[in-house]
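Participant: show me the folded form of this:
(one chain, ligands or ions: 1)
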Amino acid sequence: MQAVTWSSRMALGVPQMDQAHQSLLARLGKLAAEPDETFHEQFVALAQAIEADFKSEEALMEQIDFPGLPAHREQHARVLSALHHADPQVAQGDIQLGRICIELLPQWFLVHQATMDHALAVALDFAGHLRQAAPANDKASRRAASPRASF
Ligand SMILES: [Fe+2]
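Facilitator: A predicted model of the protein is given here:
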């Protein structure tokens, strides 16, 4: 399967989320090339990074009282559950299971990002969250950063 790499077209206009997603895809790419001997250690680090990213997104949702929080959180929980269930087997040497996980994650990410994360970015924009982060007189930057600009 071909690796999914970050593209500026994936940007949601929420720096915190965009940086986390860019980092996640880079980490997945590296992990695919990780030797079996060190794979589990990096698999655990990946799961920790994903969990931190999810918590960060969920904190943003809580800040704006986002109505989609339960469904979004459920999607996050399903991924974390899969990774946590796979972890003991990967730790005991089933590296192939870990490699299947990291092969499936980018496809999940693309769908999740285009639906759940995009909806969150739009809600953050409507809530004024993004406008607070942009300089007051920089309309072009705000327009470029706005997730609505992609419609
Ligand atoms: Fe998300």
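Participant: excluding residues flanking it in the chain, which one is nearest residue 20?
Facilitator: Computed as Cβ to Cβ, 6 or more residues apart in numbering, the closest residue to residue 20 that is not its neighbour in sequence is residue 53, at 4.3 Å. (C-beta placed from N, C-alpha, C; glycine too.)
Participant: show me what counts as buried in the helix or strand containing that neighbour.
Facilitator: Secondary structure assigned from DSSP states H and E places residue 53 in helix 36-63. Using 16 or more other Cβ atoms under 10 Å as the test for burial, helix 36-63 gives 39-40, 42-43, 46-47, 50, 53-54, 57-58, 60-61.
Participant: now do the buried residues in the next helix-or-strand element following that helix.
Facilitator: Once the chain leaves helix 36-63, the next helix or strand it forms, by DSSP H and E, is helix 69-91. Residues 69, 72-73, 75-76, 79, 83, 86-87, 90 are the ones in helix 69-91 that count as buried (16+ other Cβ under 10 Å).
Participant: can you check stretch 107-116 too?
Facilitator: In stretch 107-116, counting by 16+ other Cβ under 10 Å, buried: 109, 112-113, 116.
Participant: endpoints of that stretch, how far apart?
Facilitator: Using Cα to Cα, to the nearest Å, the end-to-end distance of stretch 107-116 comes to 14 Å.
Participant: outside of it itself, list whatever touches it.
Facilitator: 4, 10, 12, 21, 24-25, 68, 71-72, 75, 79 (Cβ atoms under 8 Å, 6 or more residues apart in numbering).
Participant: give the contact list for the residue nearest to the spatial centre of the chain.
Facilitator: Centroid-nearest residue in the chain: residue 21, 4.4 Å away (criterion: Cα atoms, centre = their mean). Residue 21 makes contacts with 6, 10, 12, 53, 109, 113, 117, as judged by Cβ under 8 Å, 6+ apart.
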